[in-house]
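Enquirer: For reference, the sequence and a predicted model appear below.
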Amino acid sequence: MKRILVTVLSLALGLSALGAARRDIGTLRPDTDQVASAGGSVLLGGRTDRTRAAVRRVLRRREVGTYIAEILAERDSSLARWPDRDEPLRVWIQDASPVGDWQPAYVDSVRAAFGDWNAVGLPVHFRFVTDSAHAEVHVTWIDHFDEPISGRTKWARDDDWWITDGDIVLAVHHHHGAVLEDDAMKAIALHEIGHLIGLDHTESSENIMAARVRVRSLSPADVATARLLYTLPPGAVR
């Protein structure tokens with residue numbers, strides 16, 4: 001099977017965060033050419049003009065109050081997300097680190113960030129596991145990045161833009177050497193989890209997904225964009 005690896009770097013400094021997308025090509029899904037509604041979601045089996053048009057109609061009706069258009073512009077009019085799941089995504093957070101100034105409270109900050117995203121009510125949510133080998137998402141620590149960033153997210157997707165797994169790396173120190181405070185670590189984690197679920201940057205500094213993170217919590221637009229994304233199928237919109 002041919003596999004293609006694409007890494008996209010995105011700066012987020014204020015608190016500083018970076019979202020990187022590793023997109024692996026996997027198995028094709030059947031091409032069925034149909035659009036239906038189920039539980040508020042649009043189900044897209046093919047990528048014909050008719051089905052893309054149906055998704056665009058949904059976007060026109062629901063995009064107010066979101067930054068979904070900015071994501072589409074960044075992704076060449078394509079969306080990526082995790083499939084709807086009954087079982088939570090299994091998340092492993094490294095619970096100890098030899099990095100200087102690392103503190104156990106960081107683990108609590110990251111857990112709290114996942115909890116905030118769980119509260120959004122998406123059809124994908126998270127639970128923590130102690131065995132990294134059985135996790136679908138891994139969160140690890142680094143002293144600092146060489147770039148002026150404090151976090152990096154990588155995720156893999158298949159041919160239909162369904163996300164299949166992901167990893168987050170968080171820095172203990174800013175690029176300039178200062179230690180991150182607990183609330184800054186949570187904000188960076190919120191931003192990186194946003195990338196993990198398929199969000200990209202927005203220009204507004206009022207949102208956690210701003211390229212330069214200035215806030216400490218999810219905004220109404222962050223929540224609305226994530227909810228809209230998870231009512232749509234992944235893949236090309238145009």
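Expert: Received, thanks. Numbering: from 1, shown residues only.

Enquirer: ok, which stretches of the chain are strands?
Expert: Taking DSSP state E to define them, one finds strands in the chain at 35-38, 41-44, 78-79, 89-93, 126-128, 137-142, 151-157, 163-171, 235-236.

Enquirer: Just the buried positions in the longest one, please.
Expert: What it means is strand 163-171. Buried residues in strand 163-171, defined by neighbour count with 16 or more other CB atoms under 10 Å: I163, D165, G166, D167, I168, V169, L170, A171. Bear in mind the C-beta positions are built from the backbone N, C-alpha and C, glycine included.

Enquirer: Where does pLDDT dip in the protein?
Expert: Applying pLDDT under 70 to the chain flags residues 1-48.

Enquirer: how near is D222 to G198?
Expert: Between D222 and G198 the computed distance is 12 Å (CB to CB, to the nearest Å).

Enquirer: wait, I meant L232
Expert: Separation of L232 from G198 (CB to CB) stands at 10 Å.

Enquirer: shared neighbours of the two, which are they?
Expert: Shared contacts of L232 and G198, defined by CB atoms under 8 Å, 6 or more residues apart in numbering, are found at L79, R81.

Enquirer: which of the buried residues of strand 163-171 are the two that sit furthest away from each other?
Expert: For the buried residues of strand 163-171, with distances taken as CB to CB, the pair at the greatest spread is I163 and A171 (23.3 Å).

Enquirer: who's in contact with stretch 225-235?
Expert: 40-44, 47, 55, 58-59, 62-63, 66-68, 71, 78-81, 84, 117, 120-124, 157, 160-163, 194, 197-199, 202, 209.

Enquirer: Give the buried residues for it.
Expert: Residues of stretch 225-235 classed as buried under the neighbour-count rule (16+ other CB under 10 Å) are T225, A226, R227, L228, L229, Y230, L232, P233, P234, G235.

Enquirer: ok, now stretch 141-151?
Expert: Within stretch 141-151, the residues that qualify as buried are W141, I142, H144, F145, I149, S150, G151, counting by 16+ other CB under 10 Å.

Enquirer: And that stretch, how far out from the chain middle?
Expert: On the basis of CA atoms, centre = their mean, to the nearest Å, the separation between the geometric centre of stretch 141-151 and that of its chain is 18 Å.

Enquirer: And for stretch 93-111?
Expert: If you compare the mean C-alpha spot of stretch 93-111 with that of the full chain, they lie 21 Å apart, counting by CA atoms, centre = their mean.

Enquirer: which of the residues in it are buried?
Expert: Within stretch 93-111, the residues that count as buried by 16+ other CB under 10 Å are I93, Q94, S97, V99, W102, Y106, V107, S109, V110, R111.

Enquirer: Burial check on A133, number of neighbours?
Expert: Around A133 there are 6 other residues, counting by other CB atoms under 10 Å.
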